[in-house]
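# just the structure for this:
(2 chains)
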Amino acid sequence: MIPAELKESLQKHIASIDHPRELVVDVMFAVQDYYGYLNDEAVEEVAELLDMSPVEVEQLATFYTFIYREPVGKYVIHVCDSLVCWMEGHESLLDRLIGKLGINLGETTPDGMFSLLPVCCIGYCDRAPAIMINKKVYGPLTIDTLDDILEKLRAEA
Amino acid sequence: MMHYPQVLFQNRKPDRIATLEEYRQSGGYQALADVIRNYTSKKVQEVLVDAILLGRGGAAFPAGRKLMTVADEAPYPRYIVCNADEMEPGTFKDRVMIHADPHMIIEGMVIDAYGAKAEKGIIFIRPEYESAARILEREIEIARKEGFLGKNILGSDFNFDIAVHRSAGRYICGEVTAQLNALMGKRANPQQPPPYPTEKGLWNLPTVLQNVETLANIPHIIKNGAEWYKSLALTESGAGTKLFSVSGKVNNPGCFELPMGIKLSEIIEIHAGGMTEGSEYKACLPGGASTRFLPREFYDIELDFDTLRDVGHRLGTGAIMVFDQKTCLVAATLNLVEFFARESCGWCTPCREGLPYIRDLLRRLERGQGEEEYIPMLQQMSKHLWSAYCAFAPGAVSPVESLVTYFEDEIREHISQKQCPFK
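Have a look, this model is predicted:
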């Protein structure tokens, strides 16, 4: 269960809006932030808050890129695989990430530190090849600068 | 280098946004004050029509005409939605625009609202642009404190306020009717008009949806007039400036504000710093992933919506992705179709089934397992995509169709050599 404090603040926000369903993405994000991902219990809680059925929330939760129905690592690495990043060397970045982290796309490292996911054009084509880590953009990257970023994140964790 | 007038980017700085103070010093919010004192909503619509302001999100629909489709007797409250869900591959102009001068967008939105007699505004923004969402929220609050937003704007009886709506990320949300469903907390499937959103949009109320760049143009058109706006373009058929996002095999990728009608070759050679060392121009996609490859024969074409349409192409979002002679366009098209197949909402059959089919053909071709008969199959399946439910699908096959039109030889080399000739 989400803490009472979070629930109350969400309820307050929802009550202030003409059409509460407009807030469903915000509520999913808030509940996801608490659990780390949107688990089954979270789907039901979101549904209850917004007077929706769990299946209505589920079809949104599984639709959106940034809602996670499975546990993810402390750092979620989104690797842009659209055209410009592809042209500028996305594949070698991805190979490096897979090699270094020992996981494939869609997986999380056993220590719960990193998840690796593909993402569509993130709108930083002028800085290709680019990736996002917890929604922060890094680019243009080389294998070396990518290694440095991973080392730094591990050291900070 | 040729320097052109900077209108949307006049206050652009390398490392931060223009503050409200700076925006006002450049004449910001004067247009709004003038509109509120001296304009009817009809007059706002007419000026935008006269200026030939065409939607910058890719569809090039006349912004003033869109306002006119809101009927006089239409119900209230009416909505203005600013589409900042910029997700067309290659396109990053709206991100740059928001990070350059957020108040220009806010002012444009308020004037647009005045033209539609709308009182509710929503900025729909993709999650990858979280910093832009925060900037907008902060600057909206500042504008509200100054009386440019909220109740009784600048002392008048006109009320309009803006909320920022964060999306959770999906390409189809950029499509108008899908975006409205997303806003209403539904799965973002497109809906086929009629009714049009300006008649029955959000919660069945009139809703005018405009792109970030389109809105940013509005204050300048009001301030300087339709004739001035048209005169900014280098071509007779164009009007205004355009934010071009340039990427790929050029030395200086970036977003440039240039006159409509500028030559493609000038953008590449001058503004984007020329092709990278050892690269020669082979083709570009002129307006994002859902436009057609422009081969060498169009290298000197003047870019505006009409000039491209006249040769069977589209300017789209003006996102120019440049390919050189070493880039395999079969592989590039495969990358685009992978993107479209992943992002298809899956609602209608031609798109849901057709894109994976095309992807499979292109994968085989790229791996050297292609057959001669795949070429007509690509054409036929692309044609089927035109009967899909929304504009997404015809856009998705634009690169495929133009690959066959202009680069059939390259496909054939993959077949005859039984491998990708670029590897």
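# so how many other residues sit close to the closest residue in space to B:Arg187 that isn't next to it in sequence?
Closest residue in space to B:Arg187, ignoring its immediate chain neighbours: A:Gln59 at 5.1 Å, by C-beta to C-beta, 6 or more residues apart in numbering or on different chains. C-beta here means a position set from N, CA and C on the backbone, and glycine is covered the same way. Other residues near A:Gln59 come to 12 when the count uses other C-beta atoms under 10 Å in any protein chain shown.
# element containing A:Gln59?
For A:Gln59, the enclosing helix or strand under DSSP states H and E is helix A:54-61.
# helix, strand, or coil at the residue of the stretch 201-350 of chain B found nearest chain A?
Closest residue of the stretch 201-350 of chain B to chain A, C-beta to the nearest C-beta: B:Ser247 (3.7 Å). Secondary structure state of B:Ser247, per DSSP: H, G, I helix; E, B strand; the rest coil, is strand.
# and it, what pLDDT?
Looking at B:Ser247, its pLDDT reads 97.
# could you do A:Glu156 as well?
Reading off the confidence values, A:Glu156 has pLDDT 89.
# phi, psi for it please.
When quoted as degrees, to the nearest 10, the phi and psi of A:Glu156 stand at phi -70, psi -30.
# just give me the neighbour total for the residue of the stretch 201-350 of chain B closest to chain A.
Neighbours of B:Ser247 using other C-beta under 10 Å come to 28.
# and if you look at B:Gln25?
Residues within reach of B:Gln25, counting by other C-beta under 10 Å, total 11.
# from B:Gln10, how far out is it?
Separation of B:Gln25 from B:Gln10 (C-beta to C-beta, to the nearest Å): 11 Å.
# cool, A:Ile143 as well?
Here the criterion is C-beta to C-beta. By it, A:Ile143 lies 40 Å from B:Gln10.
# what does the helix holding A:Gln59 contact?
A:24-25, A:28, A:38, A:43-44, A:46-47, A:50, A:67, A:69, B:168, B:185-187 (C-beta atoms under 8 Å, 6 or more residues apart in numbering or on different chains).
# now do 7 Å
With C-beta atoms under 7 Å, 6 or more residues apart in numbering or on different chains as the test, helix A:54-61 has contacts from A:24, A:28, A:38, A:43-44, A:46-47, A:67, A:69, B:187.
# any idea whether the nearest residue to B:Lys326 once chain neighbours are set aside is helix, strand or coil?
Of all residues not flanking B:Lys326 in the chain, B:Phe422 sits nearest, at 6.6 Å (C-beta to C-beta, 6+ apart). Of the three states, B:Phe422 takes coil according to three-state DSSP.
# so what's B:Met2 scoring on pLDDT?
Listed pLDDT for B:Met2 reads 72.
# for the most centrally placed residue in chain A, what are its contacts?
Geometric centre of chain A, nearest residue: A:Phe66, 4.3 Å, by C-alpha atoms, centre = their mean. By C-beta under 7 Å, 6+ apart, A:Phe66 lies in contact with B:127, B:168-169.
# which of those residues are close to chain A?
B:127, B:168-169 (C-beta under 7 Å from any C-beta of the partner chain).
# re the thing from before, distance between the helix holding A:Gln59 and the chain's centre?
Here helix A:54-61 is found 17 Å from its chain centre; the criterion is C-alpha atoms, centre = their mean, to the nearest Å.
# over to stretch B:246-254?
18 Å.
# what residues sit buried inside that stretch?
Going by neighbour count (16 or more other C-beta atoms under 10 Å in any protein chain shown), the buried part of stretch B:246-254 is B:246-250, B:253-254.
# retrieve the pLDDT associated with the residue nearest to B:Arg187.
A:Gln59 carries a pLDDT value of 96.
# which stretches of chain A form strands?
Here chain A has its strands, by DSSP state E, at A:75-80, A:114-119, A:131-133, A:136-138.
# which of the ones you listed is buried the deepest?
Most buried of the strands of chain A by mean neighbour count (mean count of other C-beta atoms under 10 Å in any protein chain shown) is strand A:75-80; its value is a mean of 24.
# taking strand A:114-119 as reference, get the angle to that strand.
Relative orientation of strand A:75-80 versus strand A:114-119 (axes from the mean of the first three to the mean of the last three C-alpha atoms, to 10 degrees): 30 degrees.
# which residues of chain A lie near chain B?
So chain A meets chain B at A:19, A:21-22, A:24-26, A:28, A:59-60, A:63-67, A:82-84, A:86-87, A:120-126, A:128, A:132, A:135 (C-beta under 7 Å from any C-beta).
# how many neighbours does residue 48 have?
Using chain A. When neighbours are counted by other C-beta under 10 Å, A:Glu48 registers 13.
# please refer instead to chain B.
By other C-beta under 10 Å, the residues close to B:Leu48 number 27.
# double-check that it belongs to a helix.
Yes - under three-state DSSP, B:Leu48 falls within a helix.
# where do the strands sit along chain B?
Along chain B, the segments classed as strands by DSSP E run B:79-84, B:120-125, B:161-166, B:207-211, B:241-248, B:254-259, B:262-263, B:281-285, B:294-295, B:302-303, B:319-324.
# could the ones you listed go into a markdown table alongside distance to B:Pro356?
Rendered in a markdown table, the data for those read as follows (distance: least, C-beta to C-beta, whole Å):
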| stretch | distance to B:Pro356 |
| --- | --- |
| strand B:79-84 | 28 |
| strand B:120-125 | 28 |
| strand B:161-166 | 30 |
| strand B:207-211 | 30 |
| strand B:241-248 | 26 |
| strand B:254-259 | 33 |
| strand B:262-263 | 38 |
| strand B:281-285 | 22 |
| strand B:294-295 | 27 |
| strand B:302-303 | 33 |
| strand B:319-324 | 23 |
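# right, and the ones you listed - which one's nearest B:Thr405?
Distance to B:Thr405, taken as C-beta to C-beta, is lowest for strand B:294-295 among the strands of chain B, at 8.9 Å.
# in its sheet, what does the closest one sit against?
strand B:281-285 (antiparallel) (DSSP bridges).
# who touches stretch A:16-28?
Under the criterion C-beta under 7 Å, 6+ apart, residues A:10, A:13-14, A:38, A:46, A:49-52, A:60-61, A:67, B:166-168, B:183-185, B:203 lie in contact with stretch A:16-28.
# what's the answer for stretch B:291-309, then?
B:54, B:60, B:233-235, B:237-238, B:260-265, B:281-286, B:311, B:313-316, B:329, B:398-399, B:401-403, B:406.
# apart from its chain neighbours, what residue comes closest to A:Pro3?
Nearest to A:Pro3 is A:Tyr34, by C-beta to C-beta, 6+ apart, at 7.4 Å.
# the one you found touches A:Lys7, doesn't it?
No - at 10.0 Å, A:Tyr34 and A:Lys7 do not qualify as touching, with contact defined as C-beta atoms under 7 Å.
# how about the worst-scoring helix or strand of chain B on mean pLDDT, does it reach chain A?
Within chain B, no helix or strand scores below helix B:392-396, which has a mean of 95 by mean pLDDT, DSSP states H and E. No - looking at helix B:392-396 against chain A by C-beta under 7 Å from any C-beta, there are no contacts, and the closest approach is 12.7 Å.
# put the alpha carbons of that helix into PDB.
Listed next in PDB are the C-alpha coordinates belonging to helix B:392-396 (Å, rounded to 0.1, in the frame of the first residue of the first chain):
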ATOM      1  CA  PHE B 392       0.700   7.300 -39.100                       C
ATOM      2  CA  ALA B 393       0.700   4.400 -41.600                       C
ATOM      3  CA  PRO B 394       1.000   6.300 -44.900                       C
ATOM      4  CA  GLY B 395       3.800   8.200 -43.100                       C
ATOM      5  CA  ALA B 396       5.500   5.000 -42.000                       C
END
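# distance from the chain centre to it, please.
On the basis of C-alpha atoms, centre = their mean, helix B:392-396 sits 14 Å off its chain's mean C-alpha point.
# let me see the domain layout of the chain.
Here I'm looking at chain A. What automatic domain parsing lists as the domains of chain A is A:4-61, A:75-156.
# wrong one, chain B
Chain B breaks down into these domains under automatic domain parsing: B:20-231, B:241-324, B:329-417.
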